[in-house]
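A.B. asks: Attaching a predicted model along with its sequence, questions to come.
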Amino acid sequence: MRDKLIFAGLFALGVGILGASWFNLMSANAETTVPSDHSGPVMVIEVEGTANGEMRIALRDDLAPGHVERIVTLAERGDYDGVVFHRVIEGFMAQTGDVANGTDEASRRIWGTGGSDLPNLQAEFSAQSFERGVVGMARSQHPDSANSQFFIMFAPAPHLDGQYTVVGQMIDGYDVLDDIKRGTGANGAVMGTPDRMARVTIER
């Protein structure tokens, strides 16, 4: 239970408080590429709010098969539909995926503290760098605590390398990513009406 309660908090406190200035020193235009032989599933996120449009993410089952299987399962069950981007830090990342709490306005105070009804996952760390557009799984202090939440990088953050599981890479929709409503303060909590993943589907 404690792991779930600190899901997003520790992520933000552990890296977010370093400040956007550090990340802005990196090249915001740097983007990794998906291997040309990628044959894994593609996650399609329809975003509604300040940002409106579609983001397409190549899921890297070659790097993290267990985590990708989890994302595919939750997406195909419709669990991600309507979930908010609850933590968005300028120059760093946009975090979403709290399927337990993230669709209910009345649960605002605990957005980002939940996972799914499935067990936590064992870490699948890789050598893939956290560049712009890379998608990683959020977790608490314990390496094997990722569940449903994930974050998408606005800019490179090399100090995350080998510390969080990389699950995907944006292949389209960077304009939508860049328009997602930003949060405030060191932890990037979004005030007012946040943007949402209106619908999440999987293409195979």
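C.D. replies: Everything's here; your move.

A.B. asks: And residue 28, what's its pLDDT?
C.D. replies: pLDDT for residue 28: 44.

A.B. asks: Residue 39 now?
C.D. replies: In this model, residue 39 is scored at 89, pLDDT.

A.B. asks: Look up how far residue 135 lies from it.
C.D. replies: Using Cβ to Cβ, to the nearest Å, residue 39 is found at 18 Å from residue 135. In this view, the C-beta of every residue, glycine as well, is placed from N, C-alpha and C.

A.B. asks: more neighbours, these two?
C.D. replies: Taking neighbours as other Cβ atoms under 10 Å, residue 39 and residue 135 compare with residue 135 leading, 24 against 9.

A.B. asks: so the more buried one is in which element?
C.D. replies: Using DSSP states H and E, residue 135 sits within strand 134-137.

A.B. asks: Contacts for that strand, please.
C.D. replies: Contact partners of strand 134-137, identified using Cβ atoms under 8 Å, 6 or more residues apart in numbering, comprise 32, 57, 64, 67, 121, 128, 130, 146, 149-153, 160, 164-170.

A.B. asks: Can you tell me which helices and strands the helix or strand following that strand packs against?
C.D. replies: Downstream of strand 134-137, the next assigned helix or strand under DSSP H and E is strand 150-153. Strand 150-153 sits against strand 93-96, strand 134-137, strand 166-172, with contacts defined as 3 or more Cβ pairs under 8 Å, 6 or more residues apart in numbering; DSSP states H and E.

A.B. asks: hmm, who's touching the last one?
C.D. replies: So the one you mean is strand 166-172. With Cβ under 8 Å, 6+ apart, strand 166-172 has contacts from 31-34, 42-43, 54-60, 63-64, 67-68, 71, 126, 128, 130, 133-137, 150, 152, 177.

A.B. asks: ok, now with 6 Å
C.D. replies: The contact list for strand 166-172, computed with Cβ atoms under 6 Å, 6 or more residues apart in numbering, reads 32, 34, 56-60, 63-64, 67-68, 126, 128, 133-137.

A.B. asks: Just the buried subset of those, written out for ChimeraX, thanks.
C.D. replies: Remark: buried members of the contacts of strand 166-172, expressed as a ChimeraX selection using 16 or more other Cβ atoms under 10 Å:
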select :32,34,56,57,58,59,60,63,64,67,68,128,133,134,135,136,137
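
A.B. asks: for this protein, what are the low-confidence residue spans?
C.D. replies: Along the chain, the parts satisfying pLDDT under 70 run over 1-32.

A.B. asks: Tell me which stretches of it form helices.
C.D. replies: 2-5, 7-15, 20-24, 65-77, 174-179 (DSSP state H).

A.B. asks: Tell me the buried residues in stretch 64-83?
C.D. replies: Of the residues in stretch 64-83, 64, 67-68, 70-72, 74-75, 79-83 count as buried by neighbour count, 16+ other Cβ under 10 Å.

A.B. asks: give me the beta-bridge partners of the residue nearest to the spatial centre of the chain?
C.D. replies: For the chain, the residue nearest the mean C-alpha position is residue 151 (1.7 Å; Cα atoms, centre = their mean). Legend: beta-bridge partners of residue 151 under DSSP bridges are residue 95, residue 136.
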